[in-house]
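# Could you work out the structure for the sequence below:
(2 chains)
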Amino acid sequence: MMSLELAWALAGPALLGAGLGTLVGVLPGIGPAATMALLLPASFLLEPQAAIVLLCGVYFGAQYGSSTTAILLKLPGEASGVVTAEEGHRLALKGQAGVALAVAALASFLAGLITAALVAALTPALARLALGLGPADVAALVLLAAVALVCIGQPQRLKALAMLLLGLMLGLVGTDFGGGAPRFTLGLAELRDGIGLVPLIVGLFGLGEVLASHAGLRAGTRIAPIGRIWPRVSELRASLAPALRGTAVGALVGMLPGGKTLLASMMSLALERRVARDRAQYGHGALSGVAGPEAANNASAQAGLVPLIGLGLPGNPAMAVLLGAFMLHGIAPGAVMFERSPELFEAIIWGMVLANLALLVLNLPLIGLWVRLLALPLGWLTPLIVLVGVLGVYAQSRLAFDVALLAAFGLLGYVLRKADYPLAPIVFGVVLGPIFEDNLRRAFMHARGDGLVLLAQPLVLPALGMALMLLLWPLLARHQAGGR
Amino acid sequence: MRPSDNPAPAPPPDAPCSPAHTTVGAAAWAWSGSGDAAGSRNTVTSSAPLGPLELAPTAQLWGLRAVAWTLLLLAVWVLTQVGQRPELALGSFTRMGPGYWPGLLAVALLGVALLLLWRSHRAGWAKAETAAGAAETESAVCAADTESAVCAAEAPNAGQPRAAALTLAAVLGFALLVPVLGVALATWLLALLAARAAANRWPHALLIGSALSLLWLLVFVLGLQVPFQLLPPALAAALHP
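Predicted coordinates:
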């Protein structure tokens, strides 16, 4: 059970994160990954548990917040809200915006609690499974995760693959752990420990997004009236099953590498269209079309913690940033974390519950307030964001070099966004590349150069097989479609 | 529909969506590859444009090529490094040297970059062949790349590259000036330029920049207790000899 002391220590970060997350969810133009990235250096100054809970709060909050503008304006502040906008905005046009908002918040809350329990149950088991793995298994697992990241839910595999390779290359910079010689440091002493993770993440996700959305940060004006907020019992009962189905879909998608919240809510909407009791309402504002997707995106956001904490494998940009937070605090997610600091995991779970609670409070009675924020003077917003990013990076290392690096990665993030390249694979590559190389080389050393011995390791063949299946899947699907 | 890592600002909800856009949307839905998402396919395509990228297709094609060329050069550079430098010895597959993994990556990146370039040029040719222009190019890019939905609105934000350049220059300027000017002045200059870049007039930018730099310095120095060197180092040395 949660101690009062712990609850007290986590309440602040949970509330702050939830509030900030709702804010960026409401505001179009800046997303949760960018916000988490910008908070990353500042969170370094907090206790690890408070930092993780704060960042999680931002991520979950964005899922709640995006539904608000999606329903009221058909202008989701975050990608996953586009699905909710479908039916939610039609409800708003019928004068039922308040009910849609309330159902969205309640469905998200239910999904959040269920998923927190799921994360609490599954993650330690996963970490325990990973404990007995040799270097060859770890390398195979990282390879599988990389292939999954490139293949699942990725609209453009080739671009994702290119970004993964770019990330792996950036991960090469630094001292080679095998021989101890510097590699690709361009002779710069600042690069001997590798490229700083903070300037990389803040630059790619934070600054890059600000640069790309310059003058694009503009909110809409026609806001539908909110009307009655508290749903009727009959409406609640009708939303329960869709919310539960959405939770199941979302949790499953969220645990896959590359599983994105948008994918989860899309799948949930597709499911609801087939099975919902009110499917005749679809296209005219169906409440189940709000409850399902909203539950799904929240569930998938939170379920992403299972592979992240259990194995250290991030499935999407937000999780990649969170992995950066773990690394900054010197914590390697996975079995080692459970051994060394089991209380951290407990704190994270309770932080999830608290963040969801805070979000319910922030979103139900205070809906009007968030909507009014859309009228925020945006001339203030971008300089504010730039400043917190730059000062954060500088505060973390107090190296002017890191700020220059930040500018470089900001430019890179801007160009890649404009050319529509995905960014998460870069961070994945930078973080996991060295781990992969290290394990691969050690595996061959243990096997004394006999590659066949490695195939006998428990996870190597299954992982490689699954990776191969993922790679060949589109070819098979195309073949089938062609044969039809 | 954009993946969640990059929520681009949406256009006004009632922006007209021409048939070209619908085509793009349909192509974009093919990404799931499996074809079992047929139900959801129609869902989103039929609706108004959601979460698009406000970029003309040609500009995107240009960006795609620029990035691909950069990746190509990077791969070639790494390959030459691996080839030349003795400390990056290759070793063998079962006994990898420090140069093996970089070399492997460079070869893979070279291949991917070439493939990207080939695809983007094929999409460009498709455009040249069809007089219809934008619509076909878009779907050609999409088909060639199983592209995401780029329901491109035709008017990109004028002045946006300039604003981005000014902001970047401000950040770079902070990096160069902070060892000389100290954190307080460098932050003020950064805030000033960033506020100016965000389409504020100078007097306005002065107000916003001063207020924001003061606010954040208070947060970082008093709130988070970061030991910044606030004053210019030369001045600080003169004051406390």
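
# can you count the residues close to residue B:206?
When neighbours are defined as other CB atoms under 10 Å in any protein chain shown, residue B:206 has 16 of them. Backbone N, C-alpha and C define where each C-beta goes, glycine included.

# Run through the residues that contact it.
B:192, B:195 (CB atoms under 8 Å, 6 or more residues apart in numbering or on different chains).

# do the same with residue A:53
A:10, A:13, A:14, A:17, A:347, A:348, A:351, A:352, A:354, A:355.

# Which single residue in the stretch 351-484 of chain A comes nearest to chain B?
residue A:419 (3.1 Å; CB to the nearest CB).

# ok, that residue touching residue B:70?
No: Residue A:419 lies out of contact with residue B:70 (CB atoms under 8 Å); the separation is 10.4 Å.

# more neighbours, the two?
Counted by other CB under 10 Å, residue A:419 and residue B:70 do not tie: residue A:419 has more neighbours, with 21 against 14.

# Just give the closest residue to the more buried one, not the sequence neighbours.
residue B:63 (3.1 Å; CB to CB, 6 or more residues apart in numbering or on different chains).

# Now for the one you found: which residues touch it?
Applying CB under 8 Å, 6+ apart, the residues contacting residue B:63 are A:415, A:418, A:419, A:420.

# List the buried residues of the helix or strand harbouring residue A:6.
Residue A:6 is located in helix A:4-26, with elements delineated by DSSP states H and E. Within helix A:4-26, the residues that count as buried by 16 or more other CB atoms under 10 Å in any protein chain shown are A:6, A:9-11, A:13-26.

# what's the distance between it and the middle of its chain?
Relative to the mean C-alpha coordinate of its chain, helix A:4-26 is positioned 17 Å out (CA atoms, centre = their mean, to the nearest Å).

# by contact count, what packs against it?
When contacts are defined as 3 or more CB pairs under 8 Å, 6 or more residues apart in numbering or on different chains; DSSP states H and E, helix A:4-26 sits against helix A:32-43, helix A:48-73, helix A:342-363, helix A:367-372.

# Tell me what angle that helix forms with helix A:342-363.
Helix A:4-26 runs at 50 degrees relative to helix A:342-363, counting by axes from the mean of the first three to the mean of the last three CA atoms, to 10 degrees.

# just the strands in the chain please.
Using chain A here. Secondary structure of chain A by DSSP state E: the strands cover A:174-175, A:182-183.

# not quite, I wanted chain B
Ranges of strands in chain B, per DSSP E, are B:91-92, B:95-96.

# in its sheet, what does the last one sit against?
Going back to what we said before, that points to strand B:95-96. Applying DSSP bridges to the sheet, strand B:95-96 is found paired with strand B:91-92 (antiparallel).

# mean confidence score for the partner strand?
Averaged across strand B:91-92, pLDDT comes to 75.

# Could you do stretch A:193-206 as well?
Stretch A:193-206 carries an average pLDDT of 85.

# With stretch A:461-475 instead?
82.

# how far is it from where the chain is centred?
24 Å.

# Just the buried residues of it, please?
Applying 16+ other CB under 10 Å to stretch A:461-475 flags A:463, A:467, A:470, A:474 as buried.

# So the first one is in contact with residue A:145, correct?
No: under the criterion of CB under 8 Å, residue A:463 lies out of contact with residue A:145, with a separation of 9.0 Å.

# What residues does residue A:391 make contact with?
B:187, B:216, B:217, B:220 are the contacts of residue A:391 under CB under 8 Å, 6+ apart.

# could you redo the last one with a cut-off of 6 Å?
B:216, B:220 (CB atoms under 6 Å, 6 or more residues apart in numbering or on different chains).

# again, but for the one 3 residues further on
For residue A:394, the contacting residues are residue A:403, taking CB under 6 Å, 6+ apart as the criterion.

# thinking again about what came up before, using CSV, please lay out the strands of chain B together with mean neighbour count.
Listed next are those as CSV, based on neighbours: other CB atoms under 10 Å in any protein chain shown:
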stretch, mean neighbour count
strand B:91-92, 13
strand B:95-96, 16
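
# of all those strands, which lies closest to residue A:324?
The minimum distance between residue A:324 and the strands of chain B falls on strand B:95-96, with 27.3 Å, by CB to CB.

# avg pLDDT for that closest one?
The average pLDDT for strand B:95-96 rounds to 75.

# quick check: longest helix of chain B.
With DSSP state H setting the assignment, residue counts place helix B:160-197 as the longest helix in chain B.

# which helices and strands does it pack with?
helix A:378-397, helix A:400-418, helix B:202-217 (3 or more CB pairs under 6 Å, 6 or more residues apart in numbering or on different chains; DSSP states H and E).

# Give me the most central residue, chain A.
residue A:318 (3.0 Å; CA atoms, centre = their mean).

# right, and it touches residue A:35 too?
No: Residue A:318 lies out of contact with residue A:35 (CB atoms under 6 Å); the separation is 9.4 Å.

# residue ranges with poor pLDDT in the stretch 101-250 of chain A?
Low-confidence segments of the stretch 101-250 of chain A (pLDDT under 70): A:152-155, A:178-179, A:214-225.

# Equivalent analysis for chain B, please.
In chain B (pLDDT under 70), the answer is B:1-60, B:124-159, B:199, B:241.

# what about residue 204, how many residues close to it?
Going with chain A. For residue A:204, the neighbour count with other CB under 10 Å is 31.

# switch to chain B, that's the one I care about
Count around residue B:204 with other CB under 10 Å applied: 15.

# How about residue A:433: what's its closest non-neighbour residue?
Closest to residue A:433 by CB to CB, 6+ apart is residue A:171, at 3.2 Å.

# what sits against that neighbour?
A:429, A:430, A:433, A:434.

# 10 Å - rerun?
When contacts are counted by CB atoms under 10 Å, 6 or more residues apart in numbering or on different chains, residue A:171 touches A:194-195, A:426-437, B:101, B:105.

# mind checking how far it is from residue B:206?
Separation of residue A:171 from residue B:206 (CB to CB, to the nearest Å): 42 Å.

# same deal with residue A:151?
Distance from residue A:151 to residue B:206, by CB to CB: 51 Å.

# Residue A:401 now?
Counting by CB to CB, the gap from residue A:401 to residue B:206 is 30 Å.

# do the same with residue A:64
Taken as CB to CB, the span from residue A:64 to residue B:206 is 37 Å.

# and the closest residue to residue A:190 other than its chain neighbours, what pLDDT?
The spatial neighbour of residue A:190 that comes closest, neighbours along the chain excluded (CB to CB, 6+ apart), is residue A:401 at 4.5 Å. Looking at residue A:401, its pLDDT reads 92.

# Spit out the contact partners of residue A:401.
Contacts of residue A:401 by CB under 10 Å, 6+ apart are A:188, A:189, A:190, A:191, A:196, A:199, B:175.

# From those residues, which land in helices?
A:199, B:175.

# Cross-check the contact I'm expecting between the residue nearest to the centre of chain A and residue A:40.
No: under the criterion of CB atoms under 10 Å, residue A:318 makes no contact with residue A:40, lying 11.5 Å away.

# any shared contact partners between the two?
Residues touching both residue A:318 and residue A:40 (CB under 10 Å, 6+ apart) are A:55, A:205.

# quick one: residue A:148 and residue A:320, what's the gap?
For residue A:148, the distance to residue A:320 - CB to CB - is 14 Å.

# who has more neighbours, those two?
More crowded of residue A:148 and residue A:320, by other CB under 10 Å: residue A:320, with 31 against 21.
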